[in-house]
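K.L.:
Just to be clear, the model below is a prediction. Sequence and coordinates:
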Amino acid sequence: MAKSNEPIPWSLFSAGGMLSAILLPILIVITGILVPFGFAPLESLGFDRVHAAVSGNLLVKLILFGFIFLSFFHWAHRFRFALVDMGLRKIKGLIGFACYGSALAGTVITAALLWRI
Amino acid sequence: MDKTMELEIFRYRPEQDSEPTFQTYEVPFHTEWVILDAVNYIKDEIDGTLSYRWSCRMGVCGSCGMMVNGVPKLTCAAFLKDYTGKIRIEPLEGFPVERDLIFSMDDFIAKLKSVKPWIIRKEGEDKPLEEGEYLQTPRQLVEYQQYTMCINCMLCYAACPVYAHDNTFLGPAAIALGQRYNMDSRDQGRDQRQEAIASHEGIWQCTFVGECSAVCPKDVDPAGAIQRAKVASTIDYFKELLLPWGKKS
Ligand code: SF4
Ligand code: FES
C-alpha cells in the first residue's frame, strides 16, 4: 500500500477547522448580535476604525491571513470529500485539483489584498 | 397467543433464488424478548430453513449483527418492545450475502490481519518466558483499554458510508484495533502497522462521518481512534519530511 501525502491537506483542513470553530462563534457574536442589537457602539465596526486596525499592522495582517487561508483549505478538503462521497469518485483527481486549486487562488488573492491595505 | 409482531426477513437461497426476497413471519410478543429471540423462534417453530449467525446471546461474541429497520444492531441487544409495526431484518450492509442473513466476512478478516492485531516486540527485545510478563501500570492500561472492548461485530462497517462506497477502505474496527496495539506500552510494532494504517486505503479515506462510533455496541469509539491515528501519522509525516536524517530504518 502506498504511503499517502494526505497529511498535508489534512493538517491544513484540521487547523482551519479548529480555528473556525473557535473564532467564528466570536465573530458571529460581535457582528451578528453585539453590534446590531446595540450592545456595542456601531462605530466599533466602522470602516475607518477597522481599516486603521489592519493597515500597516503586520501582526493583524498575519493573523487575518492565517485565519482566511486555513479556512479556504478547510473548505477545499471538506468539499472535495463531499463531492467524492456524492458519487463523483471517478473524477476525484480533477476534484482535488479544483478544490485545492481554488483554495490556493483564494490564498494568493487574500495575500495580495492584505498587502495593499 | 396474545400480542404478536411481524418480522420481515431478507431471504436468499442461492440454489433456488435468483434474487433476494423478503418473507414475513408472525411471532409472539414478549416484553423480555430481543429480536434474536424472535428470529430463533422462527427457526425453531416456523421455518427451519432460515439461516443466520448467533452464539452468545449476550453481546459478547459479535456474531448476531443485522440491519434492523435499516440500522446495524446486535440483535441480541435490541428489544422487540422498542419497535412498533413490522420489523425489517436484513444482513449487515456492505458485505456480500452468502445465504439469508449470512454474509462473507473474508474482507474484514483480511483487513484485521493487515493491522497485525497482536503484541509485536522489536527483534531481540522480547523477554524470555522465564522472566515473566511485561508489566503495565493502570494508567498505561487506560490508554488503550477502550479499544480492547471490540467484539468484531462489524456493525461499524455496515454503518460507514465510506466503506459502502469503496470497500478498499481499511475501515473503523481494523483501525481501532491497530490503535489498540499501538497505544499498548508493551508493544513496539507501530511502524509495521503504519503500512496499512497510514496508507491511502487506511485512515485517509475516513471523512469523519462518525456513524461507526454511533452504532458501536461496545463504546469503542472507532472514529476517535481514527482521528488519533491521523494526528499521529501527520506528525510522523512532517517529521520525516523535515528531518529526513532522523528517518527510522
Ligand atoms: S468497533 Fe464496535 S461496532 Fe466496530 S466491530 Fe468493534 S465492537 Fe463492533
Ligand atoms: S449473539 Fe453474541 S453478540 Fe449477539
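P.N.:
On my side now, so go ahead. Model, not experiment: these values are computed from the prediction. Residues are numbered from 1 along each chain as shown, chains lettered A, B, ... in the order given. Ligands and ions are numbered 1, 2, ... in the order given.
K.L.:
Confirm A:Ile95 sits in a strand?
P.N.:
No: read with DSSP: H, G, I helix; E, B strand; the rest coil, A:Ile95 is helix and lies in no strand.
K.L.:
For the residue nearest to A:Trp75 when sequence neighbours are not counted, which residues are in contact?
P.N.:
Distances taken as CB to CB, 6 or more residues apart in numbering or on different chains put A:Ala103 closest to A:Trp75, at 6.8 Å, once the chain neighbours are dropped. C-beta here means a position set from N, CA and C on the backbone, and glycine is covered the same way. By CB atoms under 8 Å, 6 or more residues apart in numbering or on different chains, the contact list for A:Ala103 reads A:Phe69, A:Phe72, A:Phe73, A:Trp75, A:Ala76.
K.L.:
can you pull the contacts of the first one?
P.N.:
In this structure, A:Phe69 makes contact with A:Ala103, A:Gly106, A:Thr107, A:Thr110, A:Ala111, judged by CB under 8 Å, 6+ apart.
K.L.:
go with 6 Å
P.N.:
A:Thr107 (CB atoms under 6 Å, 6 or more residues apart in numbering or on different chains).
K.L.:
State the distance from it to A:Leu113.
P.N.:
Separation of A:Phe69 from A:Leu113 (CB to CB, to the nearest Å) stands at 12 Å.
K.L.:
Please apply the same query to the fourth one.
P.N.:
Between A:Trp75 and A:Leu113 the distance, using CB to CB, works out to 18 Å.
K.L.:
before we move on, which element is B:Glu15 in?
P.N.:
Using DSSP states H and E, B:Glu15 sits within no helix or strand.
K.L.:
confidence score at it?
P.N.:
pLDDT, B:Glu15: 95.
K.L.:
That one: neighbour count?
P.N.:
When neighbours are counted by other CB atoms under 10 Å in any protein chain shown, B:Glu15 registers 5.
K.L.:
would you say B:Val89 is within a strand?
P.N.:
Check again: residue B:89 is Ile, not Val. Yes: assessed with three-state DSSP, B:Ile89 lies in a strand.
K.L.:
Name the residues of chain B found near ligand 1, please.
P.N.:
Within chain B, the positions adjacent to ligand 1 are B:150-156, B:172-173, B:176, B:216-218, B:220, B:222 by CB under 6 Å from any ligand atom.
K.L.:
from those residues, which single one is nearest chain A?
P.N.:
Chain A lies nearest to B:Pro172 out of these, by CB to the nearest CB, at 15.9 Å.
K.L.:
Which residue, neighbours along the chain excluded, lies closest to A:Ile33?
P.N.:
A:Phe39 (7.2 Å).
K.L.:
Just give me the neighbour total for the one you found.
P.N.:
Counted with other CB under 10 Å, A:Phe39 comes out at 10.
K.L.:
tell me which element B:Trp54 falls in.
P.N.:
Using DSSP H and E, no helix or strand contains B:Trp54.
K.L.:
Give me the pLDDT value at the residue lying closest to it once chain neighbours are set aside.
P.N.:
Nearest residue to B:Trp54 in three dimensions, chain neighbours excluded: B:Cys64, at 4.1 Å (CB to CB, 6+ apart). B:Cys64 carries a pLDDT value of 98.
K.L.:
Let me know how buried B:Cys64 is, in neighbour terms.
P.N.:
Neighbours of B:Cys64 under the rule other CB under 10 Å: 24.
K.L.:
Phi, psi for it please.
P.N.:
With angles defined as degrees, to the nearest 10, B:Cys64 sits at phi -100, psi 20.
K.L.:
What of the one 3 residues further on?
P.N.:
Its backbone dihedrals place B:Met67 at phi -80, psi 120, with angles given as degrees, to the nearest 10.
K.L.:
Touching, it and B:Glu90? I think so.
P.N.:
Yes: if you go by CB atoms under 6 Å, B:Met67 and B:Glu90 touch, sitting 4.1 Å apart.
K.L.:
Give me the below-cutoff pLDDT ranges for the chain.
P.N.:
Because you didn't say which chain, this covers chain A. A:1-3 (pLDDT under 70).
K.L.:
I was after chain B.
P.N.:
The model of chain B has pLDDT under 70 over residues B:1, B:246-249.
K.L.:
Show me where it has its helices.
P.N.:
B:35-41, B:106-114, B:138-148, B:155-159, B:161-165, B:172-182, B:190-197, B:211-215, B:222-242 (DSSP state H).
K.L.:
Just put the ones you listed in JSON lines and tack on distance to chain A.
P.N.:
Shown next, in JSON lines, are the helices of chain B (distance: least, CB to the nearest CB, whole Å):
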{"stretch": "helix B:35-41", "distance to chain A": "30"}
{"stretch": "helix B:106-114", "distance to chain A": "8"}
{"stretch": "helix B:138-148", "distance to chain A": "22"}
{"stretch": "helix B:155-159", "distance to chain A": "14"}
{"stretch": "helix B:161-165", "distance to chain A": "6"}
{"stretch": "helix B:172-182", "distance to chain A": "13"}
{"stretch": "helix B:190-197", "distance to chain A": "6"}
{"stretch": "helix B:211-215", "distance to chain A": "12"}
{"stretch": "helix B:222-242", "distance to chain A": "4"}
